[in-house]
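Engineer: Sequence first, then the predicted structure, then my questions.
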Amino acid sequence: MARTLMILMLPLAMAACTPTVQMAAPKEPITVNLNVKIQHEIYVKVDKEVDDLFSEQGLF
């Protein structure tokens, strides 16, 4: 009797242990914040002769 009861309960126990996967859409829309601040600095080293050349009025 106990063996028969165990055999009958086995499919129920197996069904209770199966994992479930559910996919649902989110309730609120997905927002992406793209407020990005880009800041850069450029350093240029100029040779003294080139600096004097650009400081002349007749160059351009």
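Structural biologist: Yep, that arrived.
Engineer: Would you mind extracting the C-alpha trace of the helix or strand of the chain with the lowest mean pLDDT into PDB?
Structural biologist: Least confident helix or strand, the chain: helix 48-55 with a mean of 74, by mean pLDDT, DSSP states H and E. Extracted in PDB, the C-alpha atoms of helix 48-55 (Å, rounded to 0.1, in the frame of the first residue of the first chain):
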ATOM      1  CA  LYS A  48      60.600  80.100 -29.600                       C
ATOM      2  CA  GLU A  49      61.500  80.700 -33.300                       C
ATOM      3  CA  VAL A  50      58.100  79.500 -34.500                       C
ATOM      4  CA  ASP A  51      56.400  81.700 -31.900                       C
ATOM      5  CA  ASP A  52      58.300  84.700 -33.200                       C
ATOM      6  CA  LEU A  53      57.400  83.800 -36.800                       C
ATOM      7  CA  PHE A  54      53.700  83.800 -35.900                       C
ATOM      8  CA  SER A  55      53.900  87.100 -34.000                       C
END
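Engineer: For it, which residues meet the burial criterion?
Structural biologist: Residues of helix 48-55 include none that count as buried (16 or more other Cβ atoms under 10 Å). Yep, even glycine has a C-beta here, placed from its N, CA and C like the rest.
Engineer: quick one: that helix to chain centroid distance?
Structural biologist: When C-alpha coordinates are averaged (Cα atoms, centre = their mean, to the nearest Å), helix 48-55 and its chain have centres 49 Å apart.
Engineer: Same question for stretch 27-45.
Structural biologist: A distance of 14 Å separates the C-alpha centroid of stretch 27-45 from that of its chain, computed with Cα atoms, centre = their mean.
Engineer: Looking at that stretch now, give me its mean pLDDT.
Structural biologist: Per-residue pLDDT over stretch 27-45 has a mean of 83.
Engineer: which SS class is residue 6?
Structural biologist: Of the three states, residue 6 takes helix under DSSP: H, G, I helix; E, B strand; the rest coil.
Engineer: before we move on, what about the one 5 residues further on?
Structural biologist: Three-state call for residue 11 (three-state DSSP): helix.
Engineer: neighbours of it, just the number please.
Structural biologist: Neighbour count for residue 11, taken as other Cβ atoms under 10 Å: 9.
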